[in-house]
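> Have a look; sequence and predicted model below, questions after that.
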Amino acid sequence: MKLIKDGKRIDGREFDELRPIKIEAGVLKRADGSCYVEWGKNKVIAAVYGPRECLPKHTQDSYKAKLTYRYNMAPFSVDDRKRPGPDRRSVEISKVSREAFERVLFLEYFPRTAINVFVEVLQADAGTRCAALTAASVALADAGIPMRDLIVACAAGKVEDEMVLDLCQEEDNYGQGDLPVAISPRTGQIHLMQLDGIFSEEEFKKALDFAVKGCLQVHELQKKALKEKYENIGEVYGNE
Amino acid sequence: MVKFMEMSDIVWEVKKDSIKHLIQSGKRSDGRDLEEYRKIEFMEEYVPKAEGSCLVKLGSTQVLVGVKMNVGEPYPDSPDKGNLSTSCELVPLASPDFSFGPPDEESIEIARVVDRGLRESKMIDFEKLCIKEGEEVWTVMVDIHVLDHDGNLIDAASIAAVKALLNARMPKYEDGKVVYKEKAEKLPVSEKPVSSSFAKINGMNILDPALEEEKVMDSKFTIVTIGSGDICAIQKAGSGSYKREEIEKMIDTAIKKGKEIRKMF
Amino acid sequence: MKEIVVPGEKVDNKVESYVFKDGDSLYSMIFGVLDKRDEYGRIVPLNGKYFSQIDDYVVGVITEVKFGGYVVDVNSPYDAFLASRRKYDRGDVIFAKVANVNEVRSVSLADDQKLFEGELMEVSPVKVARVIGKKNSMLMLIKEKTKTDIYVGRNGRIWLRGGDIAKARKTILKIEREAHTDGLTDRITEFLNR
C-alpha cells in the first residue's frame, strides 16, 4: 500500500494538514461539563463531574482535589469488537492524560473533593487519545473548573520517511512512527508526549513542530466551541 | 469499586411529595400526559464504521447502540443458526450515580430485557446467518452504550437497538476472514419490537418516566410488543406490586403506543 | 460591554476575580463572561458548583443527626455543619446563614429556621444572583405576581410555598435559562403578567 503519492497522502491531505474537526461544548444534561469532538472519523465524547465529594473518604486529599481521568472505548468503536472494560492500553492512556492535566487545573482550590473526567471513544480512527484530551479540556472549562490554560493535543508521525501531521488509521497502521503531544498553548509547555517508531533527531524535531502547529490550530476550535455555546445561551429568549 | 453520588437520597425524598402530588392531579412536571412519550429523535449510522448503529434521544436521555458482527461456531443445539448477544454499559459519563467496574445488576437487566425483546420477537432471521452448518455462523453483537441518563433507559435502548439492526449491513466474509471495510447486504430483519415502560407512582402507572419520576417510583413495568399486537417480553422491576387490571390496562396502552412508535421506524 | 473568556485567555490588568498572574500579565482562570462596565472588569463564571461564602444564606437539607448538631446538604461538594438548639429530623429543610468556612473548606451554619410544607427546586448557583435581582427586585416581583412564598439560597436551592407555585417555578427556570442576556427584567415582567 502506497501511503504517499505525488506529494499527497492517502486521504488527499498535505503533509501539514489536519483532518476536518468539529467541537461542540455542553452536549450532555447530567454531566457538570461536556464536549463532543469529531476529528476525522474519530468520534469522542468527554464528560466532567466535579468538584464533588471524594469517596471513599480515605482516598481524600486534604490539600487538593483528586483528579481522575478514564479513557474508555465503546465495543463498537473499532473493527474487531472490543470487549467492554479497561484494557492495558486504556489504562496507560488514562494515566498520561490525567498527568497532563494535573498541574493545569487549580486543584488546590478544592481540598477533599474529586474531579472526575470520563471520555468515551464512540468511533476510532487513529489519534483517539488526542481527540479525547482535547475534548476533556473543553469539558473541564464547560464545567467551570478553574484552569491555567485550555490544553490541547495533536499527533504527528512518520510515513514513508516523510513527517506528517495528524495520522489517519492507515498511516498509523502502516507508517513508521507516531508522536502524540499535548501542549499548553499559552506557555508552549508540553504536558503529554509519547513516541513509538523510529525517528532521527532531525525527524523528531520536525514532527514535533508539526504537532505543535496542529495543537495551536485545534486550540482555536476549542475556544470557538466554548464561545459559540454562550451565543446559543443568549439566543434562547423569546421562545416562551 | 468507587460509588459516586449526586443529590443524596434524602434530598430526593424531600422532592418526592411534590412530584407525587402533581401526578395525582394527572400532570407531570414537563407538561406531558400520563401516557405520553417524550420527544424521540433518531440519529442513524451514528458510528458509520460499525455494522449498524443508532443514537436515540428520548427527551434528554441519550443512548447509543452499535451493532458489530463476527463469524464463529454455532451453539451445539442450533447448528444452522446465527447468534445474538446483547450487552449494556452504564458508563460513568452518563450519570453522577454510575461508577466504573464490572456490569452491575442494572446494566445486566437492561441488556437482558432488550435482548429478550429482540430475540422473542424473531426480529432477526437467524437461519439466514448460517454460513456453513455446524461450523460457521454470524454472531450479531448489540452493544448498548448509555450516554446521558434522564430516565427510561430500557425503552431508549430498545428503540436504538431496533433502529441499529434495521440499518445494519453485514460485512463481507472472504477466505475465512471478515472484511469489515466492505459491507454487503442488509441484516435479515423483519419484526420491529417496541418497548414501553411504566413507572408506578401513587398507584398510577405513567408511561416513559423521566429521571425524577424514576427516583420516586414504587416499581416499573416494561412490555415489549410487536406489529401484530402480540406481546413478546415483559419485565416487572422494583419492589411494588400490581393488580391484574393494572397490567391489562398497561398492555392495552403498550400495544397502542407501540404502533405509533413503530411508524417512526 | 461583555466578552466571553476561556481559561488561559489574557485579560486587562485591571480585571478582578477569577484571574491569575503569570509574569506581568493577568489571565482568566475560567470559562466566563468578562464584564467591563466600570473601571475594573469582573469575570463571572458561566458554570460551577456552589462554595459557601460567609454571610450567604442557603437552603439546606438535614442529612444526619449527630451529637451536638446536624450535617446539612447545601448542594455543594462541601457539607455543612449546624450546631443548633432547635430540634430537626433527617429530611427537614432549613434556611440558614453561613457563619464560618475554615481552611479545609468545612462550613458551619447558624441563624437557622425550618421551612415547612413547600417545594424544593434547584438552579445553577452561578445564576442565582439574577433570580434575586438588584436589591431583591426580581424576587419581589415574582413574589408579588404569584403570591408564592419564596426562599432563595445562594447555593442555588429555592423553597416555594403557596400561591401559583407552577408559575413561580416556570419564571425562575426562565430566568436561569436567560440569565446572561439583556432586557431580562422586562421580559420577566411581561411573562408574569400573562
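Nice, I can see it.

> List the residues that contact the closest residue to chain C within the stretch 1-150 of chain B.
Nearest residue of the stretch 1-150 of chain B to chain C (C-beta to the nearest C-beta) works out as B:Ser18 at 4.3 Å. For the C-beta atoms, the positions are set from N, CA and C on the backbone; glycine is no exception. By C-beta atoms under 8 Å, 6 or more residues apart in numbering or on different chains, the residues touching B:Ser18 are C:Glu119, C:Leu120.

> tell me which element C:Lys170 is part of?
Using DSSP states H and E, C:Lys170 sits within helix C:165-177.

> And the next helix or strand past that helix?
Downstream of helix C:165-177, the first helix or strand assigned by DSSP H and E is helix C:184-193.

> now the residue nearest the centre of chain C, nearest residue through space, not along the chain?
Taking C-alpha atoms, centre = their mean, the centroid of chain C lies closest to C:Arg154, which sits 2.9 Å from it. Leaving aside its sequence neighbours, C:Arg154 sits nearest to C:Asp56 (C-beta to C-beta, 6 or more residues apart in numbering or on different chains; 4.0 Å).

> For burial, what's the neighbour tally of the one you found?
For C:Asp56, the neighbour count with other C-beta atoms under 10 Å in any protein chain shown is 19.

> same thing with the one 10 residues further on?
If you count neighbours by other C-beta under 10 Å, C:Lys66 ends up with 10.

> backbone phi and psi for it, please?
phi -120, psi 170 (degrees, to the nearest 10).

> quick one, phi psi at the residue of the stretch 1-150 of chain B closest to chain C?
phi -70, psi -40.

> Tell me where chain A has strands.
A:4-5, A:8-9, A:21-25, A:33-39, A:42-53, A:66-73, A:113-123, A:152-159, A:162-165, A:177-183, A:190-193, A:196-197 (DSSP state E).

> right, is the fifth one up against chain C?
Yes - between strand A:42-53 and chain C, judged by C-beta under 8 Å from any C-beta of the partner chain, the touching residues are A:Gly50, A:Pro51, A:Arg52, A:Glu53.

> and the angle for the helix holding C:Lys170 with helix C:184-193?
Angle between the axes of helix C:165-177 and helix C:184-193 is 160 degrees (criterion: axes from the mean of the first three to the mean of the last three C-alpha atoms, to 10 degrees).

> Which strands or helices does helix C:165-177 pack on?
Using 3 or more C-beta pairs under 8 Å, 6 or more residues apart in numbering or on different chains; DSSP states H and E as the contact test, the elements touching helix C:165-177 are strand C:119-122, helix C:128-132, helix C:137-146, strand C:157-161, helix C:184-193.

> Let me know whether the last one sits next to chain A.
I take that to be helix C:184-193. Yes - residues of helix C:184-193 are located near chain A by C-beta under 8 Å from any C-beta, namely C:Leu184, C:Arg187, C:Phe191.

> Of these, select the buried ones using a PyMOL command.
Buried residues within these, by 16 or more other C-beta atoms under 10 Å in any protein chain shown, are selected in PyMOL with:
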select buried, chain C and resi 184+187
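
> Of all the strands of chain A, which one is nearest B:Met141?
Closest to B:Met141 of the strands of chain A is strand A:66-73 (C-beta to C-beta; 14.5 Å).

> Given the closest one, what are its sheet partners and their directions?
strand A:113-123 (parallel) (DSSP bridges).

> Beyond the strand or helix carrying C:Val71, next helix or strand please.
Using DSSP H and E, C:Val71 sits within strand C:69-73. Downstream of strand C:69-73, the next assigned helix or strand under DSSP H and E is strand C:80-82.

> Listing partners with orientation, what would you give for that following strand?
strand C:69-73 (antiparallel), strand C:107-115 (parallel).

> quick one: contacts for residue 41?
Defaulting to chain A. A:Arg19, A:Gln123, A:Asp125, A:Cys168, A:Gln169, B:Pro48, B:Lys49.

> try chain C instead
Listed by C-beta under 8 Å, 6+ apart, the contact partners of C:Gly41 are C:Val11, C:Asp12, C:Lys14, C:Val15, C:Glu16, C:Leu34, C:Asp35.

> tell me which residues in stretch B:107-116 are buried?
Those would be B:Ser107, B:Glu109, B:Ile110, B:Ala111, B:Val113, B:Val114, B:Asp115, B:Arg116, for stretch B:107-116 by 16+ other C-beta under 10 Å.

> For chain A, which residues are neighbours of chain C?
So chain A meets chain C at A:32-33, A:50-53, A:62, A:106, A:110-113, A:141-150, A:184-187, A:222-223, A:226-227, A:230, A:233-234, A:236-238, A:240 (C-beta under 8 Å from any C-beta).

> Dump the C-alpha coordinates for stretch C:15-31 into PDB.
The C-alpha trace of stretch C:15-31 is given here as PDB (Å, rounded to 0.1, in the frame of the first residue of the first chain):
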ATOM      1  CA  VAL C  15      -9.700  42.700  36.000                       C
ATOM      2  CA  GLU C  16     -10.600  41.300  39.400                       C
ATOM      3  CA  SER C  17     -11.900  37.900  40.300                       C
ATOM      4  CA  TYR C  18     -11.100  34.500  38.700                       C
ATOM      5  CA  VAL C  19      -7.800  35.700  37.300                       C
ATOM      6  CA  PHE C  20      -4.200  34.600  37.900                       C
ATOM      7  CA  LYS C  21      -0.900  36.200  37.300                       C
ATOM      8  CA  ASP C  22       1.900  34.800  35.100                       C
ATOM      9  CA  GLY C  23       4.800  37.100  34.700                       C
ATOM     10  CA  ASP C  24       3.400  40.600  34.200                       C
ATOM     11  CA  SER C  25       0.100  39.600  32.700                       C
ATOM     12  CA  LEU C  26      -3.300  38.500  34.000                       C
ATOM     13  CA  TYR C  27      -5.200  35.600  32.600                       C
ATOM     14  CA  SER C  28      -8.700  34.200  33.100                       C
ATOM     15  CA  MET C  29      -9.000  31.100  35.200                       C
ATOM     16  CA  ILE C  30     -12.400  30.100  33.900                       C
ATOM     17  CA  PHE C  31     -14.900  30.000  31.100                       C
END
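
> The residue lying closest to A:Cys154 once chain neighbours are set aside and B:Arg119: what is the separation?
Among residues not flanking A:Cys154 along the chain, A:Gly214 sits closest, at 3.6 Å (C-beta to C-beta, 6+ apart). For A:Gly214, the distance to B:Arg119 equals 47 Å [C-beta to C-beta, to the nearest Å].

> ok, which stretches of chain B are strands?
Going by DSSP E, chain B shows strands at B:40-44, B:52-58, B:61-72, B:83-89, B:130-132, B:136-148, B:169-174, B:177-186, B:194-201, B:204-207, B:219-225, B:231-238.

> contacts for stretch B:55-65?
Residues from elsewhere that reach stretch B:55-65 (C-beta under 8 Å, 6+ apart): A:28-29, A:74, A:122, B:30, B:37-43, B:46-47, B:53-54, B:94, B:142-153, B:155-157, B:159-161, B:163-164, B:208, B:210-211.

> Can I have the buried ones of those as a PyMOL selection?
Selecting only the buried entries of the contacts of stretch B:55-65 in PyMOL, with 16+ other C-beta under 10 Å as the criterion:
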select buried, (chain A and resi 28+29+74+122) or (chain B and resi 37+38+42+46+47+53+54+94+142+143+144+145+146+147+148+149+150+151+152+153+155+156+157+159+160+161+163+164+208+210+211)
